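> Below are the sequence and a predicted model for it; my questions follow.
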Amino acid sequence: MKYLITFLLTLSLTEAQDDNLNRLVSEFFSENATQDPFQHLEEVTSSKPSGFGAIEKCGQGSDQGVHICVPYYDCDSVTKMVVHSRSSGFGTIDIRFGANECEHYLDVCCGVPKATDREPEVREPVSSSSSTSIPRVTSTSPTPPNTSRPRSTRCGIRNPNGIDFRITGNKDGEAEYGEFPWMMAILRANYNPQIHENLAICGGSLIAPNVVVTGGHCVADLQTSDYLVRAGEWDTQTTKERLPHQERTVIQAIVHEHYAPRVVYNNIALLILNRPFDMADNIGTICLPAQDEKITSSECLASGWGKNSFGKAEKYQVILKKIKLPMVDFHKCEKALQKTRLGSSFILHHSFICAGGEQGKDTCTGDGGGPLVCPDSRDQERYVQAGIVSWGIGCGDRNIPGVYANVAKYRNWIDEQLLRLNINSDSYSI
């Protein structure tokens, strides 16, 4: 009888713990299922000057016919004259959020060639507004431009200074354009705002030109025809970047066979795309760690378009955000979580790792499925994916780390699944 009572008590505590974690996970992802990171967006792009004459507008008044606003890549960096080329010859420029000579922050004021000069093909300036309309999702992708810029084909190459331009002024955690080439957005296919409540489903990461890693919770209950994957996205409210985003449909979703939806154990899935993405400066793969590799870096980075804080009052982001997070020891994380409403009997599952625990620094609702990446211990210039955003208590609360699926635990599983599809590991191996 004594052993029976002990067994029943243990079983009761385990079930209570699972129920508690299940409620927490449901709470963390509930808003993700009903709200849209690409809808009701927080305006973080350029604003108009506060007073008349604060900045003389390009091409107006005495400047009419002398200068014109064009996309940054249509202005020669040396002559400051209009050209029409999507090559890298425009040089790297600084983009400042706030008052600008041009309506859109990705436009620059550029000289119009004289009639006696050789007239290049000039693109008419596009009038910009503060519209928060959502880019329409299609099953096809724009044709990527040719570029003469040398591009690395190695995995895990971050662009910390961005490509084409750098962001200055009023910066609030925005990632640079093209900083994380592996960052994917998993979107609802055939999105109709009158029918569907949300467009974005989750984040993900590219490990091969036709393979995306994401959370099992993102796709386990969906058909592959329900969603598609977008690569090369940065500012969700504009298509003015030199390099267009690309979209692919999904032909197969491989969710881990031991994925537990109630408590999101083994929270990993592989998405096989209908055709490979075309690699570009803004689209590349992330490296994966070796099986069971322990990552202890304090310089890890998470990225996404999710909320900056927990709760309905907070807003999703327009421009891709990033946050630096330290890895947290497994047992320290477990003890920290035991001090929350999970209770002192909470046991952290071995399929998880933790990061964060610093005030105001955390992934949040809308970031699910996205990558946590860290500098490789053998080559600090390259990054490996340590985790997949899974769950947490609140967002950015002091001493409460976020919880991530441990990618290193699944390296062999990933290799085996892809080998069956004749996809080798070269694109994600260091």
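Sure thing, it's come through.
> only C-alpha atoms for contact and neighbour calcs from this point on.
Noted.
> So which helix or strand of the protein has the lowest pLDDT on average?
Least confident helix or strand of the chain, by mean pLDDT, DSSP states H and E, is helix 2-34 with a mean of 48.
> Low-confidence stretches in the stretch 51-200 of the chain?
51-56, 62-63, 65, 84-99, 115-152, 168-171, 196-198 (pLDDT under 70).
> cool, the stretch 251-400 of the chain as well?
307-317, 359-366, 395-397.
> which stretches of it form strands?
Using DSSP state E, counting those that start in this stretch, the strands of the stretch 251-400 of the chain run over 269-273, 300-304, 321-325, 327-328, 352-356, 371-376, 379-391.
> winner for burial among these?
Counting by mean count of other CA atoms under 10 Å, strand 352-356 has the highest mean neighbour count of those, with a mean of 28.
> Can you work out which other helices and strands pack against that one?
strand 327-328, helix 330-338, strand 401-406 (3 or more CA pairs under 8 Å, 6 or more residues apart in numbering; DSSP states H and E).
> quick one: contacts of the shortest one?
Right, the one you point to is strand 327-328. Ile295, Thr296, Ser297, Ser298, Cys300, Ile353, Cys354, Ala355, Gly356, Pro401 (CA atoms under 8 Å, 6 or more residues apart in numbering).
> Need the residues you listed in TSV (columns: distance to Lys332).
Formatted as TSV, these follow (distance: CA to CA, whole Å):
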residue	distance to Lys332
Ile295	15
Thr296	13
Ser297	15
Ser298	15
Cys300	18
Ile353	11
Cys354	9
Ala355	11
Gly356	12
Pro401	10
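> Of the helices and strands packed on strand 352-356, flag the one that's most buried.
Note that of the helices and strands packed on strand 352-356, strand 401-406 is the most buried (mean count of other CA under 10 Å), with a mean of 28.
> Show me what it is in contact with.
215, 265-268, 328, 333, 336-337, 351-358, 362-363, 372, 386-393, 395.
> Only C-alpha atoms, please: export that strand in PDB.
What follows is strand 401-406, C-alpha atoms only, in PDB (Å, rounded to 0.1, in the frame of the first residue of the first chain):
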ATOM      1  CA  PRO A 401      15.100  32.600 -19.200                       C
ATOM      2  CA  GLY A 402      13.300  31.700 -22.400                       C
ATOM      3  CA  VAL A 403      13.100  28.100 -23.400                       C
ATOM      4  CA  TYR A 404      14.200  26.700 -26.700                       C
ATOM      5  CA  ALA A 405      14.300  23.400 -28.500                       C
ATOM      6  CA  ASN A 406      17.900  22.100 -28.300                       C
END
